[in-house]
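Participant: sequence and predicted structure, then a few things I'm wondering about:
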Amino acid sequence: MADETILIRMAGVSYKYPGSQLNAVDDLSMTFGKKDRIGLIAPNGSGKTTLFHLIMGLIKPDQGDIEIFGKKVVKEKDFIPVRQKIGLLFQDSDDQLFSPTVIEDVAFGPLNLGKSKEEAIDISKRTLQFLGLEDFADRITFKLSGGEKRLVALATILSMEPSVLLLDEPTTGLDSRTKAKLIDILNHLSLPGIVISHEYDFITAVTDHIYTMENGKINLDEELHIHKHHHVHQHGKQPHKHV
Ligand SMILES: Nc1ncnc2c1ncn2[C@@H]1O[C@H](COP(=O)(O)OP(=O)(O)OP(=O)(O)O)[C@@H](O)[C@H]1O
Ligand SMILES: [Mg+2]
């Protein structure tokens with residue numbers, strides 16, 4: 001019987017981009033449970049975004065198996081429920097936003113899920129309001145600032161009422177106040193998910209376990225424990241190095 005506490009299971013998954021020498025994701029195995037809020041902090045090029053794209057079926061593994069919601073996903077149609085229930089925030093907002101206006105972009109997902117136009121507009125307005133973006137509905141998407149696009153991209157996912165979030169560097173371009181707002185929003189939603197970020201404070205605030213990735217594999221043996229420490233220095237006012 002399928003273990004219903006597991007949302008995503010990957011077994012020996014490898015993927016190499018066409019023309020590349022190395023696997024971007026290499027023999028990766030992991031399970032992701034329905035209460036997990038996992039952070040990934042890892043160097044550029046270590047395979048984080050590729051992992052998200054494999055989960056969503058945007059690219060297909062060369063080797064290994066992926067099981068989502070207890071079902072093996074292989075064909076395009078297997079990914080339909082995955083894309084309905086898992087909200088992926090793309091690393092680049094421009095990959096997420098393609099409609100002329102904000103409200104059209106936010107309503108696109110609900111319309112695709114079969115909601116009526118009225119319902120889709122209604123839920124989109126509520127989502128924008130929830131994110132404090134109610135004045136953005138009629139703005140031209142491509143004229144938004146980088147940080148504004150980031151929040152609107154998040155709105156396009158939340159309007160689909162996802163049950164899992166995959167957030168690829170959600171804080172890119174956000175000022176510290178907006179970042180604090182995003183932390184509140186994510187903790188209020190309290191959805192299971194995986195968050196990729198290079199920002200220690202942010203990732204600590206919105207996830208429960210943090211791992212790193214290297215050469216296409218998640219290092220599951222070693223959880224990262226990030227902590228702040230306060231200390232005094234004898235010559236604290238002088239410039240000094242921490243080693
Ligand atoms: N479309 C592509 N075609 C060819 N190679 C790619 C492509 N996308 C990514 N790669 C390569 O695959 C590897 C993993 O890339 P990926 O984007 O998953 O890394 P990442 O951990 O998300 O990095 P970053 O922190 O910079 O976003 C890198 O070596 C990258 O150069
Ligand atoms: Mg990336």
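Facilitator: Sure thing, it's come through. Ligands and ions are numbered 1, 2, ... in the order given.
Participant: helix or strand for the residue nearest in space to the middle of the chain, which one?
Facilitator: By CA atoms, centre = their mean, the chain has its centre lying nearest to Leu167, at 1.2 Å. Assessed by DSSP states H and E, Leu167 sits inside strand 164-168.
Participant: can you give me the buried ones in that strand?
Facilitator: 164-168 (16 or more other CB atoms under 10 Å). Where C-beta positions appear, they are placed from N, C-alpha and C, glycine not excepted.
Participant: ditto for stretch 52-69
Facilitator: Per 16+ other CB under 10 Å, stretch 52-69 contains these buried residues: 52-57, 61, 64, 66-69.
Participant: avg pLDDT for stretch 127-138?
Facilitator: Throughout stretch 127-138, pLDDT has a mean value of 96.
Participant: quick one: the helices in the chain, in order.
Facilitator: Shown for the chain, the helices assigned by DSSP state H span residues 48-56, 79-85, 102-112, 117-130, 146-158, 176-189, 200-206.
Participant: quick one: the second one to chain centroid distance?
Facilitator: Averaging C-alpha positions (CA atoms, centre = their mean, to the nearest Å) puts helix 79-85 15 Å from its chain's average.
Participant: burial check on Ile121, number of neighbours?
Facilitator: 18 (other CB atoms under 10 Å).
Participant: quick check: the residue nearest to it when sequence neighbours are not counted vs ligand 2, distance?
Facilitator: Counting by CB to CB, 6 or more residues apart in numbering, Ile121 lies nearest to Ala107, which is 5.7 Å off, once chain neighbours are set aside. According to CB to the ion, to the nearest Å, Ala107 stands 28 Å off from ligand 2.
Participant: what about Ala107, neighbour count?
Facilitator: Neighbour tally, Ala107, other CB under 10 Å: 25.
Participant: residues contacting Thr172?
Facilitator: By CB atoms under 8 Å, 6 or more residues apart in numbering, Thr172 lies in contact with 91, 146, 150.
Participant: I meant to write Asp65 there.
Facilitator: So Asp65 contacts 9-13, 72 (CB under 8 Å, 6+ apart).
Participant: state the pLDDT value of the closest residue to ligand 2 within the chain.
Facilitator: Of all residues in the chain, the one sitting closest to ligand 2 is Thr49 (3.1 Å; CB to the ion). Per-residue confidence (pLDDT) for Thr49: 98.
Participant: what does the one 3 residues further on give?
Facilitator: The score at Phe52 is 98. That number is its pLDDT.
Participant: I'd guessed it sits against Met213; true?
Facilitator: No: with contacts counted by CB atoms under 8 Å, Phe52 stays clear of Met213, the gap being 11.5 Å.
Participant: give the contact list for the closest residue to Phe98 other than its chain neighbours.
Facilitator: Of all residues not flanking Phe98 in the chain, Asp105 sits nearest, at 7.0 Å (CB to CB, 6+ apart). For Asp105, the contact set (CB under 8 Å, 6+ apart) comprises 96-99, 141, 152, 155-156.
Participant: what about Asp105, distance to ligand 1?
Facilitator: Distance, Asp105 to ligand 1, using CB to the nearest ligand atom, to the nearest Å: 23 Å.
Participant: do Gly57 as well
Facilitator: 16 Å.
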